[in-house]
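Asks: the sequence and its predicted three-dimensional model are supplied below.
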Amino acid sequence: MKYLLCVLLMLFTLSSVELCQGGVIFFYDFNKDREGKPPSDPWKPTAAGKVEVVNFPSATNKSVKITDSGSGGGMTLLLDKPITGKTVSLEFKFLREKGWTVACEIFYVLNQKCPDDWSGICVKDSDNGKVSYHDGAGWNDTVNLEDDTWHDFKIVLHLDKDKYDFYYDGKEMAKNIGYRNWGGLNGKGVDKFNVANVGDGGSTFVKYFDDIIFYEGTTRPFAVKSESKLSTVWGSVKISACKER
């Protein structure tokens, strides 16, 4: 009887963990990618700039280094169909080297039917060195972005109402804010992820990204298996060239 109770307790605990975890849509730590090469599919680097996996902060904890020398530089991931009607969260680690010039994109989440690469959920660094987000009406500065230091970003997308919450280094920066240039796309969801300067020039920077995870709900799963591929929650990613303009 005692043994049976222990087994039941273990099964209940495992079930509880699984329920709390929800579904991981994708997770990339880039540790299996080759140093000096762009991240493996489904990530698509821009033709401009340099996008490469580097041994930073270490050979066992790699990241993606994106260098924009004035003509752009970034990478894009596409889903095979939009995710709609759910609450999902995006988290990633970010570091910017000193020596950058002018405001530029950090991470944009959008729909492939958006009019441009600057729509949707938009987070950037501003000219005055602050972290900024777009609320659908205009840009809003938050706190200073310290260079040469890793920072934690989290974006909670409420896809049922086209709103999002933004967190930086564990602190809430904004809540229930609107999407940019979202006319005609209400309820259409998201299926495109732009990292750094995908569609524009005029800036220079060196930025690093790591541990990019996109998952159901608002609480990061307890355990995430490192895989350089999309989890089969909503299907696979769409392999196509990154659009430039």
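Replies: Good, I have the coordinates.
Asks: and the lowest mean pLDDT element among the helices and strands of this protein?
Replies: Lowest by mean pLDDT, DSSP states H and E among the helices and strands of the chain is helix 2-21, with a mean of 40.
Asks: tell me, how many residues neighbour residue 81?
Replies: A total of 11 residues lie near residue 81 under the criterion other CB atoms under 10 Å. Every C-beta, even on glycine, is put in place using the N, C-alpha and C of the backbone.
Asks: isn't it up against residue 188?
Replies: No - when contacts are counted by CB atoms under 8 Å, residue 81 is not listed as touching residue 188 (10.8 Å).
Asks: low-confidence ranges in the chain?
Replies: Applying pLDDT under 70 to the chain picks out residues 1-22, 222-245.
Asks: what's the single longest strand in it?
Replies: Using DSSP state E, we find that the single longest strand of the chain is strand 204-216.
Asks: also compute the angle for whichever helix or strand comes after the least confident helix or strand of the chain relative to strand 204-216, please.
Replies: Next helix or strand after helix 2-21 toward the C-terminus (DSSP states H and E): strand 24-28. In terms of direction (axes from the mean of the first three to the mean of the last three CA atoms, to 10 degrees), strand 24-28 departs from strand 204-216 by 150 degrees.
Asks: residue numbering should commence at 690 henceforth.
Replies: Sure, I'll start counting at 690 from here, so that last one is strand 713-717.
Asks: now the element after strand 713-717, going C-ward?
Replies: Scanning onward from strand 713-717 (DSSP H and E), the first element met is strand 733-734.
Asks: got a list of what residue 737 touches?
Replies: With contact taken as CB atoms under 8 Å, 6 or more residues apart in numbering, residue 737 is in contact with 757, 760-762, 890, 933.
Asks: mind checking how far it is from residue 790?
Replies: To residue 790, residue 737 is 16 Å away according to CB to CB, to the nearest Å.
Asks: same thing with residue 755?
Replies: 15 Å.
Asks: for the two, indicate the residue with more neighbours.
Replies: residue 755 (24 against 12).
Asks: thinking that one is in contact with residue 765, fair?
Replies: No - counting by CB under 8 Å, residue 755 does not reach residue 765; the two are 11.9 Å apart.
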